[in-house]
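*Asks:* below are the sequence and a predicted model; questions follow.
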Amino acid sequence: MAKRITNRKDDYSQWYLDVVKEAKLADHSPVRGSMVIRPNGFALWENMKGALDQMFKDTGHENAYFPLFIPKSFLSKEAQHVEGFAKECAVVTHSRLKSVDGGVEVDPESKLEEELIVRPTSETIIWDSYRNWIQSYRDLPILINQWANVVRWEMRTRLFLRTMEFLWQEGHTAHSSEKEAVEETRRMLDVYKTFAQDFMAMPVKTGVKTASERFAGAVDTYCIEAMMQDGKALQAGTSHFLGQNFAKAFDVKFQDTDGEHKYVWATSWGVSTRLIGGLIMTHSDDQGLVLPPKLAPTQVVVVPIYRNDDQRTEVLDYANPLIKELKDKGVSVKLDDRENQQPGYKFAEHEAAGIPLRVAVGPRDVKNGNLELARRDTLDKNIISKDGAAEHISDLLETIQTDLFNAAQERTENVTRDVESYDHFKEQIEDGGFIYAHWDGTDETEAKIKEETKATIRLIPINGESEPGKCMVTGKESVQKVLFARSY
RNA sequence: CGGGGAGUGGCGCAGGCCGGUAGCGCAUUCGCUUUGGGAGCGAAGGGUCGCAGGUUCAAAUCCUGUCUCCCCGACCA
């Protein structure tokens, strides 16, 4: 068998690239750091998007769309925000090309009066609108989400994990009180956690970022962090409490019930196509992609096996009612009746693509009233009776979903431990994984740890019971342990 | 943006040091035989060797520049 995917233990990065390629999720584009999302990858994103969108609507949000281009002056209105994004913005300076012997060049006469920034995130353009929309407490809250592409001029890129242009959703809400905005921030963090765990089957830790890891312009950044198979953490989603920073920068005030004019409180929150990278590195194996049934574009593939036309007819007649029954149950099922490929080829291809369940039907099964079922996650094969097969398959999909989560959860917990001394930390961090340790809360200590171990504080647990101790580096007082890891 | 590696039919590679007009495997097309884990035989099609300059009678090969990808580092979702 031609082995097209590098083994994880040999070269994890290469494995990742091979999986993306073999599962036909995405290609590199001619422009550095940007990618073509192929139908398989986009179908996956559409499923993720669909589930998230429903969850946003269920929590009272509406979708809207704000422009790609942002006047340069807007970016400079919030000091922290500018500083955070200034170094990675694409800037539009001209509006025209002109032909020059066979080619084109930028027409210098088309230089823009005010240069435009391709959005790296939309706080500024959105808050400019919110100023016009908000006068009274009656106009609040505003709960808006947008699905969009954004551009960040990254130095080092990797398919899905960090690309210059990526797809995401960004929620932007405005509230009359701090309390309500903080609640919103945490509510959306919970939505992300639920989505990650229930749909992606990807266990996550939640908490708040330290000042150095915080979103530029936020008061607090909450996050979900997932542990990848190679021991590195991945920030999978963030929810920001923005305080009144943007309201002040864009002068957005409302008249409250007491007649006073007050600045509005804000949140923003987002997840991106990076989640696909997380999904790959949570479940996939040396055969290729492994997808959780709830997000898999195709949940079941049926592969007919036959030797001649008669058998082909017989096998398809046998399989078709089952396919219909599965469809009626809401299972996404595909019949792979291509005649130019052999069954073995199809098996390998569907495994690489991560289809959760494969049903093989051949003359033998027709004779015995059976089906062969193969699970993608465990690679187990079983012969089951055709009677009640649809029910069985639909149950099995749920089992796979749960099993994937449990396996990932167990893997994560196995590499999560507490460490007391810095020496022990330095030694342990070499093995990857999550490490809980005491930290004195200072930027200096955090920077020192990062410098010396390449590990960062992924989050400070929020509902963690306070457990006083001494900072592993300085010995100063610490109220609770924080979560460290090396990360993507 | 710094260090290292790499770009040759769709994919994976050889050729390069020693310049002479491009080859192998897989894939593709057609035919026949096959089909329960990546099929076999026969025939056919497909590449201005990443791009741009230069040296030369002649460049995939030598020189210069540039773009893209991978790995490591600094920076970030």
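*Replies:* Looks like it came in fine. Computed from a predicted model, the values in this text were never measured in an experiment.

*Asks:* now do stretch A:68-78: everything it contacts.
*Replies:* Applying Cβ atoms under 8 Å, 6 or more residues apart in numbering, the contact partners of stretch A:68-78 are A:81-82, A:85-86, A:89, A:91-92, A:114-119, A:122-125, A:128, A:148-149, A:217, A:245-246, A:249-250. Heads up, the C-betas are built off the backbone N, CA and C, glycines and all.

*Asks:* repeat that with 10 Å
*Replies:* A:81-86, A:89, A:91-93, A:112, A:114-128, A:148-151, A:216-217, A:242, A:245-246, A:248-251 (Cβ atoms under 10 Å, 6 or more residues apart in numbering).

*Asks:* put the buried members of those into a PyMOL selection.
*Replies:* Restricted to buried positions by 16 or more other Cβ atoms under 10 Å, the PyMOL selection for the contacts of stretch A:68-78 reads:
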select buried, chain A and resi 81+82+84+85+89+116+117+118+119+120+121+122+123+124+125+126+127+128+148+150+151+216+217+242+245+246+249+250
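
*Asks:* inside strands: which ones of the contacts of stretch A:68-78?
*Replies:* Using DSSP state E, A:91-93, A:112, A:114-118, A:148-151, A:242 are the members of these that sit in strands.

*Asks:* tabulate those residues (TSV), appending distance to RNA strand B.
*Replies:* TSV is the format used below for the ones in strands among the contacts of stretch A:68-78 (distance: Cβ to the nearest atom of the strand, whole Å):
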residue	distance to RNA strand B
A:91	14
A:92	18
A:93	16
A:112	22
A:114	24
A:115	18
A:116	20
A:117	15
A:118	13
A:148	13
A:149	11
A:150	8
A:151	8
A:242	13
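
*Asks:* list the contacts for residue A:170?
*Replies:* A:66, A:119, A:121-123, A:126, A:144-148, A:150, A:268-272.

*Asks:* what about the nearest residue to residue A:362 once chain neighbours are set aside, how many neighbours?
*Replies:* Closest residue to residue A:362 apart from its sequence neighbours, by Cβ to Cβ, 6 or more residues apart in numbering: residue A:305 at 3.5 Å. Neighbour count for residue A:305, taken as other Cβ atoms under 10 Å: 18.

*Asks:* quick one: contacts for residue A:305?
*Replies:* A:311-312, A:315, A:342-344, A:346, A:360-365, A:372.

*Asks:* restricted to helices, list those.
*Replies:* Of the contacts of residue A:305, the ones assigned to helices by DSSP state H are A:311, A:312, A:315, A:343, A:344, A:346, A:363, A:364, A:365.

*Asks:* just checking: which of those also lie near RNA strand B?
*Replies:* Contacts with RNA strand B are made by A:343, A:344, A:363, A:364, A:365 out of the ones in helices among the contacts of residue A:305, judged by Cβ under 7 Å from any atom of the strand.

*Asks:* nearest to residue A:278, of those?
*Replies:* residue A:344 (31.2 Å; Cβ to Cβ).

*Asks:* ok, how many other residues are close to residue A:350?
*Replies:* Neighbours around residue A:350, by other Cβ under 10 Å: 23.

*Asks:* my read is it is in a strand, agree?
*Replies:* No. Counting by DSSP: H, G, I helix; E, B strand; the rest coil, residue A:350 is not part of a strand but helix.

*Asks:* ok, it touching residue A:299?
*Replies:* No. Counting by Cβ atoms under 10 Å, residue A:350 stays clear of residue A:299, with 11.5 Å between them.

*Asks:* which neighbours do the two share?
*Replies:* Joint contacts of residue A:350 and residue A:299 (Cβ under 10 Å, 6+ apart) are A:334, A:356, A:357.

*Asks:* average pLDDT across the strand or helix carrying the first one?
*Replies:* With secondary structure defined by DSSP states H and E, residue A:334 is part of strand A:333-335. For strand A:333-335, mean pLDDT rounds to 96.

*Asks:* direction included, what does that strand pair up with?
*Replies:* According to DSSP bridges, strand A:333-335 forms sheet pairs with strand A:300-304 (parallel).

*Asks:* may I have the strand it pairs with exported as CSV, CA atoms only?
*Replies:* In CSV, the C-alpha atoms belonging to strand A:300-304 read as follows (Å, rounded to 0.1, in the frame of the first residue of the first chain):
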residue,chain,number,x,y,z
VAL,A,300,-21.4,7.4,6.3
VAL,A,301,-20.0,6.2,3.0
VAL,A,302,-21.3,3.0,1.4
VAL,A,303,-18.9,1.1,-0.7
PRO,A,304,-20.4,-1.6,-2.9
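
*Asks:* circling back to that earlier point, of all the ones in helices among the contacts of residue A:305, which comes closest to residue A:227?
*Replies:* After measuring the ones in helices among the contacts of residue A:305 against residue A:227 - Cβ to Cβ - the closest member comes out as residue A:346, at 33.2 Å.
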